[in-house]
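1. Coordinates for the following, if possible.
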Amino acid sequence: MSEQAETPSKEQKMRTFMSPFLREDAPPVIEDPYSVPIEDINPIDGRLFQQDLHWEHFRRLRAEDPVHLNESPEFGRYWSITKFEDIMYVDKNHDLFSSAHGISIGPRLDAEKDPEEIAFSNFISMDPPKHDLQRATVSGVVAPPNLAKMEATIRGRTQKILDSLPVGKAFNWVDLVSIELTTQMLATLFDFPFDDRRKLTRWSDVATAPPGTGIVDSMEQRRDELMECLEYFTRLWNERINQEVPGSDLVSMLAHGKDTKDMKPFEFLGNLILLIVGGNDTTRNSMSAGVLALNQNPAEYDKLRADPSLIPNMVAEIIRWQTPLPYMRRTANQDVEIGGKKIKKGEQLLMWYVSGNRDETVIDRPDDFIIDRAKARHHLSFGFGIHRCMGNRLAEMQLRILWEEILPRFKQVEVVAKPERLLSSFVRGITDLQVIVHPH
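-> I've put the predicted structure just below:
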């Protein structure tokens, strides 16, 4: 793509994040995990997360079968890693556990491939050395000097959005605050046309949602919308590749980077989706989760109002408590043993961050939301090792600024209805959070 980039045909196919529990003949959701044999528990079921039922499933797995095997005709054997230390071991040992076969559950490596299917890749789905080179190309956008420059912009936008909220009237916090703030940030990082910024939110949702989850109706629709994303960004690439002085935005960095300028179109799309989802889903769901957590724990809300200096520590606790991306997949590069279980080369491992963040053997009172928790940043939500979230400090800064601006304006952001959650086990999302803001 070093010169005028070519966009692939809309007829070409891409691998999707599929769930084995979206079929019409899917078994009923298991509400009580203690009512069935443990081998029947399968936390990949997105309905568990949509209904907020997954906690007890993971509690039982951590206690009785922390390295848990499931099998299916579509996905073969896959292991759920549910304890904090085991997850860290897998995440840190990229030589033993590869991400090159995908970061979400997928078809068996020996499964017959659709000859028309094209899987887009990105640097989180790569192993060294290519991973390191591509990540280094864009990591400067969130380097400390750039974060310092962004703070005033983020604060100004946050102030404007909070000042525009309707007082005394219920509204969806997710839409008016969480999505808007994160989408404006994404538009800045990509130097994306500001009036079109909601396209970024839509593409993020489409990229992580299989058909039938309420986001898209079919694979064809999903494919077409992602092709629209590629076409749009290809135009931006072509505008910026010829700039004598490269810009400091992500598209310019990719277009001019020596290790990314020759990417194939679907590799470009894969990296775009990675950066969009990484900058959107995680932060926006933490922005919503913080409001929900404080409403469910009013004593912590009182503690925060009494001592706003707790905000930075609370931000880390929100990210642990929510765990916006419940799991990441790795594939065993060789036969290996974890927790007494023998995992064979080529088998998938799902690192359940959402379970590790509630591991009673590592975290004190892990189910409680405690804004002054000691060592609050000792959590798994950002991952560990070479794939640790590149934008973790930016996410923390956005959340910190949001609460620094909420407290002087509102005595309470009151949740007035049960939250609606995303049907997904890959993104732990809140889609609707009805609130009323009460000024001082």
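2. mind saving the C-alpha coords of stretch 61-73 as PDB?
-> In PDB, the C-alpha atoms belonging to stretch 61-73 read as follows (Å, rounded to 0.1, in the frame of the first residue of the first chain):
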ATOM      1  CA  LEU A  61     -14.300 -23.200  37.400                       C
ATOM      2  CA  ARG A  62     -11.700 -21.400  39.500                       C
ATOM      3  CA  ALA A  63     -12.500 -23.600  42.400                       C
ATOM      4  CA  GLU A  64     -13.000 -27.000  40.700                       C
ATOM      5  CA  ASP A  65     -11.400 -26.900  37.200                       C
ATOM      6  CA  PRO A  66      -9.300 -23.800  36.600                       C
ATOM      7  CA  VAL A  67      -7.900 -25.100  33.300                       C
ATOM      8  CA  HIS A  68     -11.200 -26.200  31.800                       C
ATOM      9  CA  LEU A  69     -11.700 -28.100  28.500                       C
ATOM     10  CA  ASN A  70     -14.500 -27.600  26.000                       C
ATOM     11  CA  GLU A  71     -14.900 -29.200  22.600                       C
ATOM     12  CA  SER A  72     -17.100 -28.500  19.600                       C
ATOM     13  CA  PRO A  73     -17.200 -29.600  16.000                       C
END
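3. What's the first helix or strand after the helix or strand encompassing Glu85?
-> Assigned by DSSP states H and E, Glu85 belongs to helix 84-92. Using DSSP H and E, the helix or strand that follows helix 84-92 in sequence is strand 97-98.
4. so what secondary structure elements neighbour that following strand?
-> strand 327-332 (3 or more C-beta pairs under 8 Å, 6 or more residues apart in numbering; DSSP states H and E). For glycine as for every other residue, the C-beta is placed from the backbone atoms N, C-alpha and C.
5. Any idea how many residues pack against the closest residue to Asp65 other than its chain neighbours?
-> Excluding its sequence neighbours, the residue lying closest to Asp65 (C-beta to C-beta, 6 or more residues apart in numbering) is Ile38, at 5.4 Å. Neighbours of Ile38 under the rule other C-beta atoms under 10 Å: 14.
6. hang on, Arg377 packs against Val315?
-> No. When contacts are counted by C-beta atoms under 8 Å, Arg377 is not listed as touching Val315 (9.1 Å).
7. For these two, indicate the residue with more neighbours.
-> Using other C-beta under 10 Å as the criterion, Arg377 and Val315 rank with Val315 on top: 24 against 16.
8. what about the more buried one, which helix or strand?
-> helix 311-322.
9. Outside of that helix itself, which residues are in contact with it?
-> Here helix 311-322 makes contact (C-beta atoms under 8 Å, 6 or more residues apart in numbering) with 285-286, 289-290, 293, 304, 357, 363, 369-373, 376-377, 379-382, 395-396, 399-400, 403-404, 407, 428.
10. Pull it out as PDB, backbone CA atoms only.
-> Taking Å, rounded to 0.1, in the frame of the first residue of the first chain, the C-alpha atoms of helix 311-322 are listed here in PDB:
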ATOM      1  CA  ILE A 311     -10.100   9.400  41.400                       C
ATOM      2  CA  PRO A 312      -6.900   7.900  39.900                       C
ATOM      3  CA  ASN A 313      -7.100   4.900  42.100                       C
ATOM      4  CA  MET A 314     -10.800   4.500  41.400                       C
ATOM      5  CA  VAL A 315     -10.100   4.500  37.700                       C
ATOM      6  CA  ALA A 316      -7.900   1.400  38.000                       C
ATOM      7  CA  GLU A 317     -10.600  -0.200  40.100                       C
ATOM      8  CA  ILE A 318     -13.300   0.500  37.500                       C
ATOM      9  CA  ILE A 319     -11.200  -1.100  34.800                       C
ATOM     10  CA  ARG A 320     -10.600  -4.200  36.900                       C
ATOM     11  CA  TRP A 321     -14.300  -4.400  38.000                       C
ATOM     12  CA  GLN A 322     -15.600  -4.100  34.500                       C
END
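11. 37 is where my numbering starts, stick with that
-> Fine by me, first position is 37 from now on; the one you just mentioned is helix 347-358.
12. Flag the helix or strand of the chain with the lowest per-element mean pLDDT.
-> helix 166-175 (a mean of 57; mean pLDDT, DSSP states H and E).
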